[in-house]
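1. Below: sequence and its predicted model.
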Amino acid sequence: MNYQELSQQIKSKSSYLCVGLDSDINKIPQHLLKEEDPIFEFNKQIIDATIDYAVAYKPNIAFYESMGVKGWESLQKTIEYLPDDVFTIADAKRGDIGNTSKMYAKAFFEQMNFDSITVAPYMGSDSVEPFLEFEDKWVILLALTSNAGGKDFQFESLNSGGLLYQKVLEVSQKWGTKENMMYVVGATRSDEFKEIRKLVPNHFLLVPGVGAQGGNLKELSQNGLNKDGGLLVNSSRGIIYASNGQDFAKTAGIKALEIQKDMAGYLDQYL
Ligand SMILES: O=C(O)c1cc(=O)[nH]c(=O)n1[C@@H]1O[C@H](COP(=O)(O)O)[C@@H](O)[C@H]1O
């Protein structure tokens, strides 16, 4: 999916919600365990219940890798099940020497046909560029993460001026464009959104950390939205585990609708 299509989806669904498929065999409802592929069945029902309110889906690859071959099969079926008009994110946080990054890119863009992949910036330009060589595919580069330990390095003041995460934003803009690169900015960092929008006014931001991590949707929307939308806000546990009974999918749908309604209001105000 390209930039214009994504922006159009946000406008037509009045939503910039990304549903995180962090699907954990130990957390999904018990009654699904009798299914041949419980994780796929769980994802399928979550997708069906939330598809009208979400523009993106983000399976976190760790949850699938942790189950070995069976997990990869559930992931493959999930990506094939998702319709073309939603944006798909492989949350894999990859990045290695160029020769190896190219193989990660093939895995997620060719074998699995994801629209995008999360990538760590730490190894620099030649570790990221192989992902940018695929048409209509995106890199989502970690800029300022939501976790407490994000402060260990990302807020470091540099002798050359500014903070380390700001340098990541500045330098990496030379590697890609707003058409093929987004940035991860944690929802728990809403104080920084104004500063970030000065550095990257036009790039999409993937914003995880509302729901279970307590990020403030209103604040980050006020400071993060731009004329094309410019945000994908992810919630995983807050939606997919809102109930673990027979009604889990319906309850996930209700949670997603609640968030989408708030988003529709912010889009009206700020677009
Ligand atoms: O890249 C990410 O998506 C990510 C970056 C970050 O800074 N913080 C963060 O929570 N994430 C991911 O976003 C999801 C958040 O899940 P919940 O806290 O359950 O909504 C998880 O899959 C995390 O791995």
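-> Looks like it came in fine.

2. Buried ones in the top helix by length along the chain, by neighbour count?
-> Counting residues, the longest helix found in the chain (DSSP state H) is helix 248-270. Neighbour-count burial for helix 248-270, counted by 16 or more other C-beta atoms under 10 Å, picks out 248-249, 251-257, 259-260, 262-263, 266-267, 270. The way it works is simple: take the backbone N, C-alpha and C, and place the C-beta from them, glycine included.

3. Then stretch 19-28?
-> Quick answer for stretch 19-28 (16+ other C-beta under 10 Å): 19-25, 28.

4. same deal with stretch 88-100?
-> In stretch 88-100, counting by 16+ other C-beta under 10 Å, buried: 88-96.

5. Could I get the CA-only coordinates of that stretch as PDB?
-> Extracted in PDB, the C-alpha atoms of stretch 88-100 (Å, rounded to 0.1, in the frame of the first residue of the first chain):
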ATOM      1  CA  THR A  88       0.200  -4.600   7.300                       C
ATOM      2  CA  ILE A  89       3.200  -4.300   9.600                       C
ATOM      3  CA  ALA A  90       5.700  -7.000  10.400                       C
ATOM      4  CA  ASP A  91       6.900  -5.900  13.800                       C
ATOM      5  CA  ALA A  92      10.200  -7.700  13.700                       C
ATOM      6  CA  LYS A  93      12.700  -5.000  14.600                       C
ATOM      7  CA  ARG A  94      15.300  -6.300  12.200                       C
ATOM      8  CA  GLY A  95      18.500  -4.700  10.800                       C
ATOM      9  CA  ASP A  96      21.900  -6.200  10.100                       C
ATOM     10  CA  ILE A  97      24.800  -5.800   7.600                       C
ATOM     11  CA  GLY A  98      23.300  -5.100   4.200                       C
ATOM     12  CA  ASN A  99      23.800  -8.600   2.800                       C
ATOM     13  CA  THR A 100      21.700 -10.000   5.700                       C
END
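
6. can you pull the contacts of the residue nearest to residue 259 when sequence neighbours are not counted?
-> Setting aside the residues directly before and after it, residue 259 is nearest to residue 17 in space (C-beta to C-beta, 6 or more residues apart in numbering), at 5.4 Å. By C-beta atoms under 8 Å, 6 or more residues apart in numbering, residue 17 lies in contact with 53-56, 232-233, 235, 256, 259-260, 263.

7. Can you give the distance of stretch 113-130 from its chain's centre?
-> 14 Å (C-alpha atoms, centre = their mean, to the nearest Å).

8. ok, and what's touching that stretch?
-> Under C-beta under 8 Å, 6+ apart, the answer for stretch 113-130 is 1, 79-80, 87-98, 101-102, 104-105, 108-109, 131, 136-143, 168, 172, 174-176, 182, 184, 206.

9. now check stretch 252-270, is it near the ligand?
-> No: contact of stretch 252-270 with the ligand (C-beta under 6 Å from any ligand atom) is absent, the minimum separation being 11.2 Å.
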